[in-house]
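# Provided below are the primary sequence and the corresponding predicted coordinates.
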Amino acid sequence: MRRSSRLTVMNREAGVMAVTVLVVEDEEKIGRFLELELKHEGYGVLKAQDGREGLELALSGKADLMVLDIMLPELNGFEVLRRLRKNSDMPVIMLTARDEVMDKVAGLDGGADDYMTKPFAIEELLARIRLALKKRQGAARENSSVLSCGGLTVDTARYEARFEGELIELTHREFELLRVLLENKNIVISRDTLLEKVCGYDYMGETNIIDVYVRYLRGKIDDKYGIKLIQTVRGVGYCIKD
């Protein structure tokens, strides 16, 4: 039996809460637990128990970060994320019982800032919330710029990558990996460092995830345009050289 959708707005008094977290979770006990813990940490809390209501709240501009389940009534978490990313860069942490690798890849490629599986430790979730907010605040302070190497240009403000003017279709994680490599041009970056910078958390799954994204980028850039952009430094990591 499907639960009735409920929305709770907590602690929105002016000036009391600097940061508000939107929790989109259909399990009432988990949602209540998250609400209490977040309030204890000083966050304002918005709650929704279905994806459609969660998306409406996210687009309303009332929240600063979203904790998003996948298996939701009305709209699933992947669809909520897809629609959100058309209009907003709000940090999103997916919190779900689905722990398959392809689910994690789909969430991260879809634009999630982080992905956690249930059961979870609340201390870890709180740490990841702080990290996601810190990264987004830092990114907001940066001036927009265009990174380039040869015929390749990456516009971090427009979130576009082009080769000699032709648009390259990249997923969120492919773009982030390319951006990090270009920002550190001529510097060899280890896989662990790339994982931290691109995924934004301590990845505990398959260790070759960066290798997978490098392979995707090479297929879309190196192979297509007949260049050798991303170079492998065996036993160390990757770099882009002029």
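All right, it came through fine. Everything numeric here is computed off the predicted structure, so don't read it as measured data.

# rest of the way, CA atoms for contacts and neighbours
OK.

# domain-wise, how is the chain divided?
7-141, 146-240 (automatic domain parsing).

# need the winner for burial among those.
domain 7-141 (a mean of 17; mean count of other C-alpha atoms under 10 Å).

# tell me the average confidence for that domain?
Average pLDDT, domain 7-141: 84.

# start at 133 instead
Sounds good: first residue 133 from here, last item domain 139-273.

# how far out from the middle of the chain is that domain?
Mean-position distance between domain 139-273 and its chain equals 11 Å (C-alpha atoms, centre = their mean, to the nearest Å).

# quick one: the residue nearest to the spatial centre of the chain from Leu284, how far?
Taking C-alpha atoms, centre = their mean, the centroid of the chain lies closest to Asp245, which sits 1.9 Å from it. Separation of Asp245 from Leu284 (C-alpha to C-alpha, to the nearest Å) stands at 25 Å.

# kindly report the same for Glu315.
13 Å.

# so which residues of this structure form strands?
Under the criterion DSSP state E, the chain carries strands at the ranges 139-142, 152-156, 176-180, 197-200, 224-228, 246-249, 278-281, 284-287, 292-295, 298-300, 321-322, 362-365, 369-372.

# in CSV: these, plus distance to Ile162.
Below are the strands of the chain laid out as CSV (distance: least, C-alpha to C-alpha, whole Å):
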stretch, distance to Ile162
strand 139-142, 14
strand 152-156, 10
strand 176-180, 11
strand 197-200, 12
strand 224-228, 11
strand 246-249, 13
strand 278-281, 43
strand 284-287, 40
strand 292-295, 38
strand 298-300, 41
strand 321-322, 37
strand 362-365, 43
strand 369-372, 40
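
# among those, which is nearest Val346?
Proximity to Val346, assessed across the strands of the chain by C-alpha to C-alpha, is greatest for strand 362-365 (7.7 Å).

# quick one: that closest one to chain centroid distance?
Distance, centroid of strand 362-365 to centroid of chain: 25 Å (C-alpha atoms, centre = their mean).

# give the other helices and strands that that strand contacts.
Here strand 362-365 touches strand 369-372, going by 3 or more C-alpha pairs under 8 Å, 6 or more residues apart in numbering; DSSP states H and E.

# may I have the strand it packs on as PDB, with CA atoms only?
Extracted C-alpha coordinates of strand 369-372, given in PDB (Å, rounded to 0.1, in the frame of the first residue of the first chain):
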ATOM      1  CA  GLY A 369      48.100   7.900 -13.100                       C
ATOM      2  CA  TYR A 370      47.100  10.100 -15.900                       C
ATOM      3  CA  CYS A 371      47.900  13.600 -17.400                       C
ATOM      4  CA  ILE A 372      47.200  15.900 -20.300                       C
END
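
# report the mean per-residue pLDDT for that strand.
Rounded mean pLDDT across strand 369-372 is 93.

# what strands flank that strand, and is each parallel or antiparallel?
Take DSSP bridges as the rule and strand 369-372 pairs in its sheet with strand 321-322 (antiparallel), strand 362-365 (antiparallel).

# contacts for that strand, please.
313-314, 316-323, 361-365 (C-alpha atoms under 8 Å, 6 or more residues apart in numbering).

# how close does Glu188 get to Val153?
Applying C-alpha to C-alpha to Glu188 and Val153 gives a distance of 14 Å.
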